[in-house]
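S.K.: Quick one, fold the following:
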Amino acid sequence: MRMNAYESSKIYKQKIKAYHDKKLQRQNSQPGQQVLLFNSRLRLFPGKLKSKWSGPFVIKEVRPHGFVELVDPTTHTPEKRWIVNGERLKIYNGGQLERLTSVVYLNNP
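M.R.: Numbers count the residues shown, from 1 in each chain. Prediction:
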């Protein structure tokens, strides 16, 4: 009975892995493409409503095993390049980002 449980568990894990791998989509990144970078370090974003996506950045080079070299287009210095995991990127299809801030003053009743 124990061997049957091990075998059924092994079959279940293989089916779940096949299903999960089928749902994954490969991201085709080319140099010169604009992307947004997911920043998972919460200490950099102390506010609740701030976005965790920063950018847009430009892809400088695509390296093996899913690593991507990014360049910040606002600073045109070669020192501002870094290598990140390609899974942390999302393709940016828009134009310029609009950074709007609004201040709402509350009146005492």
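
S.K.: mind listing what Leu89 touches?
M.R.: Contacts for Leu89 were tallied using CB atoms under 8 Å, 6 or more residues apart in numbering; they are 27, 29, 35-38, 68. Heads up, the C-betas are built off the backbone N, CA and C, glycines and all.

S.K.: can you rerun that using 7 Å?
M.R.: Contacts here follow CB atoms under 7 Å, 6 or more residues apart in numbering; on that basis Leu89 touches 29, 35-37, 68.

S.K.: mind checking pLDDT for the spatially most central residue of the chain?
M.R.: Taking CA atoms, centre = their mean, the centroid of the chain lies closest to Arg88, which sits 2.6 Å from it. At Arg88, the predicted lDDT confidence score is 84.

S.K.: so the closest residue to it other than its chain neighbours bridges to which residues?
M.R.: Nearest non-adjacent residue to Arg88, counting by CB to CB, 6 or more residues apart in numbering: Phe38, 4.6 Å away. Taking DSSP bridges as the rule, Phe38 bridges to Trp53.

S.K.: give me the element Lys90 is part of.
M.R.: Under the criterion of DSSP states H and E, Lys90 resides in strand 89-91.
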